[in-house]
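1. model this:
(one chain, ligands or ions: 1)
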Amino acid sequence: MGAKIISGEEISEEIRKGLREEINRLKERGVVPGLATLLVGEDPASQVYVRSKRRACEKVGIHTEQYTFPATIKEKELLGKISELNERHDINGILVQLPLPPQIDSNRVLLSISPDKDVDGFHPINVGRYMSMKYFDQMIEEELFLPCTPHGIIEILKRTGVELKGAEAVVVGRSNIVGKPVALLLLANNATVTVCHTGTKDLGEVCRRADVLIAAIGRPKFIRGEMVKQGAVVIDVGVNRTEEGLVGDVSFLEVKEKASAITPVPGGVGPMTVTMLLVNTVKAAKRQESGG
Ligand code: GUN
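-> You can find the predicted model right below:
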């Protein structure tokens, strides 16, 4: 008996279908959601990510504009472009693809994006908003900008029918983009959450407690079969380019024999990240239409 392979593509398509309808209704009122993407340098992975985000936008009817800068760009110039986009009424969302080159202070750049256009959910104001809210349903009701990958993971779990209330959730990795925020969102869904990192003792033992295991380490096939409890749900956030191609943070062939459900790489979390960006861009357009 193998695990159910969770299709992030299928779940994405369900959500995108609803979004297309919502965008069509907005367009009848003269509102066209618009996203500006900013790409600095020539990192091939970043180029691929930005291209797939723009393509997804266009397929659901979101207008996109791309601004590409050389890796040598001065911080001031980037901040100038963001300030211009902050003022534009036809641009509802601003996305600066990370990582940025070393001469640029990423925190200062993220701070300069208007919190109302922060469709990545990285601005400290937006982080503070979901951080200080107790329950996930409230976050959705209040239409907060949640960070895309963590929100995508929660949608995968909910739409796969995974019971989060009372579940032991273990997150491996503590990045600001995935590990830390997904831990908060799991907590807001009443899971009991443990976050592991490079200093964790007996990592295998902690992972084996997990009913829901989130792998966001950035190391190929790091999670081995013996680290997974029989019947666990495993979410693989890893995108590692290796000689054998794209592989996740989970040793898929080993772990699928133990797990009850697992996300593949590619085709699992990746498409959901893009979908949640679309969700946030539509939220931004609605919020700005109503002057909120
Ligand atoms: N780099 C890795 N993940 C992300 C993301 O979700 N958004 C942006 N802007 N950059 C990233």
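2. Enumerate the residues of this protein near the ligand.
-> Residues of the chain lying near the ligand by CB under 6 Å from any ligand atom: Leu95, Val96, Gln97, Leu98, Asp120, Cys148, Thr149, Ile177, Thr273. Any C-beta I mention is one placed from the backbone N, CA and C, and that applies to glycine too.
3. Which ones among those map onto strands?
-> The strands, defined by DSSP state E, take in Leu95, Val96 from those.
4. from the residues of the chain next to the ligand, which single one is nearest the ligand?
-> Leu98 (3.7 Å; CB to the nearest ligand atom).
5. Check the gap between the closest one and Asp105 for me.
-> Leu98 sits 12 Å away from Asp105, going by CB to CB, to the nearest Å.
6. Which one of the two is surrounded by more residues?
-> Between Leu98 and Asp105, Leu98 has the larger neighbour count (other CB atoms under 10 Å), namely 16 against 12.
7. Helices along the stretch 101-250 of the chain, start to end?
-> Counting by DSSP state H, counting those that start in this stretch, the stretch 101-250 of the chain has helices at residues 106-112, 124-131, 136-141, 148-159, 179-188, 203-207.
8. returning to that earlier point: now pLDDT too, for the residues of the chain next to the ligand, in TSV please.
-> Formatted as TSV, the residues of the chain next to the ligand follow (pLDDT from 0 to 100):
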residue	pLDDT
Leu95	98
Val96	98
Gln97	98
Leu98	97
Asp120	98
Cys148	98
Thr149	98
Ile177	97
Thr273	98
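9. Go through the residues of the chain next to the ligand and say which is closest to Ala56.
-> Nearest to Ala56 out of these is Thr273 (CB to CB; 10.0 Å).
10. is it true that that closest one touches Glu155?
-> No. The criterion here is CB atoms under 8 Å, and Thr273 misses it with Glu155 at 10.5 Å.
11. what about those two, which has more around it?
-> More neighbours surround Thr273 than the other of Thr273 and Glu155, with 25 against 20 (other CB under 10 Å).
12. and the gap between Pro115 and the ligand?
-> 15 Å (CB to the nearest ligand atom, to the nearest Å).
13. Sketch out the low-pLDDT regions of this protein for me.
-> 1, 292 (pLDDT under 70).
14. give me that answer again for 80
-> By pLDDT under 80, the low-scoring segments of the chain are 1, 291-292.
15. Show me where it has its strands.
-> Under DSSP E, the chain gives strands at 4-5, 34-40, 63-69, 93-96, 168-172, 192-196, 212-215, 233-236, 240-242, 245-247, 261-262.
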